[in-house]
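S.K.: Predicted structure and sequence below. I'll ask about it afterward.
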Amino acid sequence: MTVLEVLQATTAFFKKHDIENPRLNAEHLLAHVLGRKRIELYLDFERKLTETELGPLRDLVKRRSEGEPLQHLLGTVEFCGHVFLCDKRAMVPRPETEELVELLKSEIQDPKSQIVDVGTGSGVIALSLAAEFPEARIFAVDVSDDALALAQENAIRLDLSGRVQFLKSRLLETTEGPFDLIVANLPYISTQDRRTLSREVLRDPEIALFAGARGDELVRELINQAPTRLGPGGTLALEIGLGQRDALLSALAEKNYRDICSKNDYNGVTRFLFARYG
């Protein structure tokens with residue numbers, strides 16, 4: 001079979017198995033097996049593939065059709081212009097979180113800011129900010145040993161290991177501060193919504209997805225903790241779930257935060273909250 005024929009057959013197979021963006025998935029997997037860039041496939045449509053190449057591809061296609069995330073199969077994910085290792089130890093980074101990082105870049109005024117990324121997962125927020133603000137002092141905390149190990153591997157991969165300090169902590173419990181910025185993309189899905197999630201999302205670690213029966217329990221706990229760790233006028237930045245805005249805005253107001261605001265993602269969904277304290 002030629003490259004084009006394999007792409008067409010794989011795309012059709014993925015469509016039957018309800019894989020989102022079937023052609024894109026097929027291209028990524030074939031490029032991965034061939035060790036090529038995806039765009040290079042278009043220059044090689046008539047090339048015939050050997051059985052040595054088709055064997056590994058069949059395995060990856062089968063696993064993808066069963067709901068294994070594309071990023072796990074590739075072993076990497078692109079985020080804010082950097083390539084990060086990605087596997088089952090932490091949640092697959094979402095495009096919305098890239099939007100949060102872009103918002104933070106305009107929010108950070110002092111290049112020497114002290115920043116903590118709470119629930120760092122694979123480290124994408126902390127490391128993206130470290131790359132952007134080389135003079136900042138950045139901490140990345142997580143309760144999961146597996147996630148912290150992955151984040152540290154990413155720091156080494158990006159040559160940023162000397163710029164971020166990694167710490168095991170449940171929220172801010174073992175941190176000291178004061179911080180100019182506390183940013184968090186915490187678990188915010190209700191355990192009652194498990195059955196509504198896709199096969200791919202359910203491959204993420206449960207500890208990275210579910211916060212409790214309401215979904216906002218950990219975010220609320222962080223809102224309560226943060227004032228003791230924020231410096232004067234410090235900022236708390238949160239990524240939140242659908243339908244959580246109003247209740248969390250009220251929680252921020254009750255704790256005497258100021259300059260409280262919400263921001264939408266590119267799909268028009270309220271996804272981010274910002275507030276200052278002190």
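M.R.: Looks like it came in fine.
S.K.: For stretch 251-268, C-alpha coordinates in CSV please.
M.R.: This file holds the C-alpha atoms of stretch 251-268, laid out as CSV (Å, rounded to 0.1, in the frame of the first residue of the first chain):
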residue,chain,number,x,y,z
ALA,A,251,-16.3,32.4,47.0
LEU,A,252,-13.6,34.8,46.0
ALA,A,253,-15.7,37.8,47.2
GLU,A,254,-16.4,36.1,50.5
LYS,A,255,-12.7,35.8,51.1
ASN,A,256,-12.1,39.5,50.4
TYR,A,257,-10.3,39.1,47.1
ARG,A,258,-10.4,42.2,44.9
ASP,A,259,-10.2,42.9,41.1
ILE,A,260,-12.1,39.7,40.6
CYS,A,261,-12.8,38.9,37.0
SER,A,262,-13.6,36.0,34.7
LYS,A,263,-12.4,35.4,31.2
ASN,A,264,-13.7,33.2,28.3
ASP,A,265,-11.7,30.8,26.3
TYR,A,266,-11.7,30.9,22.5
ASN,A,267,-15.0,29.0,22.4
GLY,A,268,-16.7,31.6,24.4
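S.K.: Contacts for it next, please.
M.R.: 95-96, 99, 103, 220, 223-224, 227, 236, 245, 249, 270-277 (CB atoms under 8 Å, 6 or more residues apart in numbering). From N, CA and C alone the C-beta is placed, and that goes for glycine too.
S.K.: Just the buried subset of these, written out for ChimeraX, thanks.
M.R.: Listed next is the ChimeraX selection for buried residues among these, using 16 or more other CB atoms under 10 Å:
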select :99,103,220,223,236,245,249,270,271,272,273,274,275,276,277
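S.K.: Among the contacts of stretch 251-268, which lie within strands?
M.R.: 236, 270-277 (DSSP state E).
S.K.: So which of those residues is the closest to Asp87?
M.R.: Arg271 (25.1 Å; CB to CB).
S.K.: backbone phi and psi for the closest residue to that closest one other than its chain neighbours, please?
M.R.: Leaving aside its sequence neighbours, Arg271 sits nearest to Asp265 (CB to CB, 6 or more residues apart in numbering; 4.1 Å). The phi and psi values for Asp265, taken as degrees, to the nearest 10, are phi -80, psi -180.
S.K.: Any idea how many residues pack against Asp265?
M.R.: Number of residues near Asp265 (other CB atoms under 10 Å) recorded here: 18.
S.K.: quick one: Ser106 from Val269, how far?
M.R.: Distance, Ser106 to Val269, by CB to CB, to the nearest Å: 20 Å.
S.K.: Comparing the two, which shows the higher neighbour count?
M.R.: Val269 (14 against 7).
S.K.: could you say which helix or strand contains the closest residue to the more buried one other than its chain neighbours?
M.R.: Leaving aside its sequence neighbours, Val269 sits nearest to Leu242 (CB to CB, 6+ apart; 6.6 Å). Here Leu242 is covered by no helix or strand, with elements defined by DSSP states H and E.
S.K.: Ok, Arg23 next?
M.R.: Per DSSP H and E: helix 22-34 holds Arg23.
S.K.: elements contacting that helix?
M.R.: helix 3-16, helix 51-65, helix 70-74 (3 or more CB pairs under 8 Å, 6 or more residues apart in numbering; DSSP states H and E).
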